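>>> build the 3D model from these lines:
(one chain, ligands or ions: 2)
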Amino acid sequence: MTNTTDQDRVVIFDTTLRDGEQSPGATMTHDEKLEIAGMLDDMGVDIIEAGFPIASEGDFNAVSEIAKNSVNSRICGLARANITDIDRCWEAVKHAAKPRIHTFIGTSPLHRAIPNLTKDAMADKIHETVTHARNLCDNVQWSPMDATRTEWDYLCRVIEIAIKAGASTINIPDTVGYTAPMESAELIKKLIETVPGADEVIFATHCHNDLGMATANSLAAVAGGARQIECTINGLGERAGNTALEEVVMALKVRNDIMPWSTGIDTKKLMNISRRVATVSGFPVQFNKAIVGKNAFAHESGIHQDGMLKNKETFEIMRPEDVGLAGTSLPLGKHSGRAALRDKLEQLGFEVGDNQLKDIFVRFKDLADRKKEVFDDDIIALVRVGDGEDEDDHLQLVSMKVVCGTGGPAEATVEMEIDGKEVSATCEGDGPVDATFRAIRENFPNAAHLELYQVSAVTEGTDAQATVSVRLEEDGIIATGQSANTDTVVASAKAYIHALNRLLVRRGKVGEGADAREISYKDLA
Ligand code: KIV
Ligand code: ZN
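Numbers count the residues shown, from 1 in each chain. Ligands and ions are numbered 1, 2, ... in the order given. Now for the predicted structure:
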């Protein structure tokens, strides 16, 4: 018997695919969005905000497809406060077994000034749009954007209107990450006490991390009576990001003694989804990030290691296994066979089919030839990042040679195949990577601007694989490429070519899935 009631349950609303993905540079492909949505559903996320259907054809298609494939999660789409947005949102989410329309408008004085609406005119608009959404869908969420900077009286007034018009969830966004824990708790508590009908709906908290307080503010809101936390994997999101899902979920689990609320999340799946989101978004997780950072469970200093050996609880408040980190295991090597690799992949939480295993095994053998010991992190990079190549790619790297040293500029010769035609260029540059990128640009002239070039070592040692991320931007369209290789310059070339291939697809110049976003998130009002 458990004495848990609904009042003890906190709904987890994940917005990685909407608020997270709208972060400049974090755009994901259609297939990646579907994959992440599947992982969120599988780990027990109650509500997935799958996108902003009016923003582009790509967003619309992704939300529709996620809705069709959903198993347990409710699928939500975002819509501004107008009929066209709401209709489009409904067209996308209606395929879900459990759909939700989330409509919002900025209610603070600064936000009201953008559409230049009086308080009364905005109140009418809220009534009209929430009523319309409720006529389409029996589950409607309404948000007063920038709620934490909205005048108290007006906030109460518009929330009451939204509840009367049929919203069953009222979300209180701290859009600019301005609030603090005591205020966050107090605001929700007072709203629930004051607004007529508030006890009939669920209050949600949606915090941004500009002052580094998003997790604390979300938990404080729950203490104040909120029962839905809006969050993203790894805290992905614009500026300093959103509340990190893994942080609130683990805080509620580990400190259930003082925060007696539960979630439906299978925490053992946290690590895996964190890595996948980092890879597909091109936003790496900082090493010392709580819960999912590379060092979150590493105890390096002598005194800590000594304590850990005597009793793990000396320095560990949660077990690595609880978040899906496998215990230390033996590395693989060049004599390891396919069965050992399959076994390792299963331990690491990857489900791979026979064809995928065949492909990973070839790359594993290649890596094991170059590297004596292949660690868990190497295998994860092999599966998650890959080498950045696909045989259908428009641009392919054939070979490359780089000469560099102290005597002068570096020189790179890069041979590529572009739609079956071989081209080659030799360029000098300020270091091997610069020379290589110049040669690629000479082979394939383009106007893409390099927004990010990032290298990180997968493991320790001079033979470690490097994971390289490259983000390119052309005419407002962004694409990220990645590659992992023991040779940092080869990984860089492949990541750059990968990003170019994805940019071509996004711009609709080749392949399917062009996703030029018609509405900038900056236009939200
Ligand atoms: O931060 C915010 O205000 C939002 C709204 C659209 C809910 O993301
Ligand atoms: Zn937000």
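>>> spell out which parts of the protein neighbour ligand 1.
When proximity is defined by Cβ under 6 Å from any ligand atom, the chain lies next to ligand 1 at 19, 104, 143, 145, 171, 173, 175, 206, 208. Where you see a C-beta, it was placed from the backbone N, CA and C, and this is true even at glycine.
>>> all the strands of the stretch 51-200 of the chain, residue numbers only.
74-80, 99-106, 140-145, 169-174 (DSSP state E, counting those that start in this stretch).
>>> please apply the same query to the chain.
11-14, 47-51, 74-80, 99-106, 140-145, 169-174, 202-207, 228-231, 395-403, 410-418, 421-429, 449-457, 466-474, 477-485 (DSSP state E).
>>> before we move on, the earlier item: so which of the residues of the chain next to ligand 1 is the most crowded?
Sorting these by how many neighbours each has (other Cβ atoms under 10 Å) puts residue 206 first, at 29 neighbours.
>>> run through the bridge partners of it.
On the basis of DSSP bridges, residue 206 is bridged to residue 173, residue 230.
>>> distance of it from residue 112?
19 Å (Cβ to Cβ, to the nearest Å).
>>> quick revisit: let's have the strands of the stretch 51-200 of the chain in JSON lines, adding distance to residue 155.
Below are these laid out as JSON lines (distance: least, Cβ to Cβ, whole Å):
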{"stretch": "strand 74-80", "distance to residue 155": "19"}
{"stretch": "strand 99-106", "distance to residue 155": "12"}
{"stretch": "strand 140-145", "distance to residue 155": "6"}
{"stretch": "strand 169-174", "distance to residue 155": "8"}
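>>> put together TSV for those strands, with mean pLDDT on each row.
Formatted as TSV, the strands of the stretch 51-200 of the chain follow (pLDDT from 0 to 100):
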stretch	mean pLDDT
strand 74-80	98
strand 99-106	98
strand 140-145	98
strand 169-174	98
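>>> ok, now which ones touch residue 400?
Listed by Cβ atoms under 8 Å, 6 or more residues apart in numbering, the contact partners of residue 400 are 412, 413, 414, 415, 436, 439, 489, 490, 493.
>>> distance of the closest residue to residue 340 other than its chain neighbours from residue 402?
Counting by Cβ to Cβ, 6 or more residues apart in numbering, residue 332 is the residue found nearest to residue 340 once chain neighbours are left out, at 6.0 Å. Distance of residue 332 to residue 402, given as Cβ to Cβ: 29 Å.
>>> cool, and residue 21?
Here residue 21 is placed at a distance of 35 Å from residue 402 (Cβ to Cβ).
>>> for the two, indicate the residue with more neighbours.
Relative neighbour count places residue 21 above the other of residue 21 and residue 402, with 28 against 20, counting by other Cβ under 10 Å.
>>> residue contacts, that one?
27, 28, 33, 51, 236, 281 are the contacts of residue 21 under Cβ under 8 Å, 6+ apart.
>>> contacting residues around the residue lying closest to the second one once chain neighbours are set aside?
It stands for residue 28. Once flanking residues are discounted, residue 28 sits nearest to residue 280: 5.1 Å by Cβ to Cβ, 6+ apart. By Cβ under 8 Å, 6+ apart, residue 280 lies in contact with 28, 29, 32, 35, 36.
>>> ok, the residue nearest to the fourth one when sequence neighbours are not counted to ligand 1 distance?
Using Cβ to Cβ, 6+ apart and skipping the chain neighbours, the partner closest in space to residue 35 is residue 276 (7.2 Å). To ligand 1, residue 276 is 22 Å away according to Cβ to the nearest ligand atom, to the nearest Å.
>>> just the residues contacting stretch 168-176, thanks.
Residues contacting stretch 168-176 (Cβ under 8 Å, 6+ apart): 100, 102, 104, 106, 139-149, 159, 162-163, 184, 187-188, 191, 198, 200-208, 210, 214, 217, 221, 226, 228, 230.
>>> count of residues packed around residue 110?
Neighbours of residue 110 (other Cβ under 10 Å): 11.
>>> start to end distance for stretch 480-498?
This stretch, stretch 480-498, spans 8 Å end to end (Cα to Cα, to the nearest Å).
>>> what about that stretch, distance to the chain center?
21 Å (Cα atoms, centre = their mean, to the nearest Å).
>>> and if you look at stretch 428-443?
Counting by Cα atoms, centre = their mean, stretch 428-443 is centred 31 Å from the centre of its parent chain.
>>> go on, stretch 287-298?
17 Å.
>>> contacts only, for the residue nearest to residue 62 when sequence neighbours are not counted.
Excluding its sequence neighbours, the residue lying closest to residue 62 (Cβ to Cβ, 6+ apart) is residue 33, at 4.5 Å. Neighbouring residues of residue 33 by Cβ under 8 Å, 6+ apart: 17, 21, 50, 51, 62, 66.
>>> what about 10 Å?
Residues near residue 33 by Cβ atoms under 10 Å, 6 or more residues apart in numbering: 16-17, 21, 27, 50-51, 58-59, 61-63, 65-66, 280.
>>> what of residue 87?
Shown in contact with residue 87 (Cβ under 10 Å, 6+ apart): 53, 54, 79, 101, 132, 133, 136.
>>> and which of those residues is nearest ligand 1?
Among these, residue 79 lies closest to ligand 1 (Cβ to the nearest ligand atom), at 9.8 Å.
>>> got the domain ranges for the chain?
As assigned by automatic domain parsing, the chain contains the domains 11-281, 295-324, 326-384, 395-524.
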